[in-house]
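Q: sequence and predicted structure are below.
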Amino acid sequence: QVQFVESGGGLVQPGGSLRLSCAASGFTSSYYVIMWFRQAPGKEREGVSCISAEDGSTSVADSVKDRFAISRDNAKSTVFLQLNDLKVEDTGRYYCAWGAGFGCSLVPQRVDYWGQGTEVTVSS
């Protein structure tokens, strides 16, 4: 069972920045991916970004690729999602997720374990 400690969400004004963190534990494999999804009120959950533990390859959704960036600290099994130039439409709950094996993907079917999420609110 994979456990997560997610943090970094909050209330920010449009144009502001946040850094989300996800510390994952409870697994021994070196071959896995960490993904970030988000879900806005009344909308479906969508993939935001992904990073592979094996080679550090990443994937970022087209809708946010100019503003969001994913990085990792493998020694601490921690993944960061930097959110810049935030917009009102970025508001939602951001979920960290873990998937076994190789290859990043931003679809929920890739996920084996979900975190509880951290809330991001962008409002003036």
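A: Right, received. Where do you want to start?

Q: for the most centrally placed residue in the chain, phi and psi?
A: Compute the mean C-alpha point of the chain, and by C-alpha atoms, centre = their mean the closest residue is Trp36, 2.2 Å away. Main-chain dihedrals, Trp36, degrees, to the nearest 10: phi -120, psi 130.

Q: next one: Gly26
A: Phi and psi for Gly26, reported as degrees, to the nearest 10, are phi 90, psi 20.

Q: looks like it contacts Val2 (just checking).
A: Yes: if you go by C-beta atoms under 8 Å, Gly26 and Val2 touch, sitting 4.8 Å apart. Every residue, glycine included, has its C-beta placed from N, CA and C.

Q: between these two, which one's more packed in?
A: For Gly26 versus Val2, the count of surrounding residues by other C-beta atoms under 10 Å is larger for Val2: 19 against 11.

Q: can you verify my assumption that that one contacts Ala24?
A: Yes: using C-beta under 8 Å, Val2 is in contact with Ala24, at 5.8 Å.

Q: picking up where we left off before, excluding its backbone neighbours, what's nearest the residue nearest to the centre of the chain?
A: Setting aside the residues directly before and after it, Trp36 is nearest to Val48 in space (C-beta to C-beta, 6 or more residues apart in numbering), at 4.4 Å.

Q: and that neighbour, how many neighbours?
A: When neighbours are defined as other C-beta under 10 Å, Val48 has 25 of them.

Q: give me the element it is part of.
A: Val48 is part of strand 46-52, with elements assigned from DSSP states H and E.

Q: again with Val120
A: Using DSSP H and E, Val120 falls in strand 118-122.

Q: need the residues that contact that strand.
A: Under the criterion C-beta atoms under 8 Å, 6 or more residues apart in numbering, residues 6-14, 16, 18, 20, 38, 83, 86-94 lie in contact with strand 118-122.
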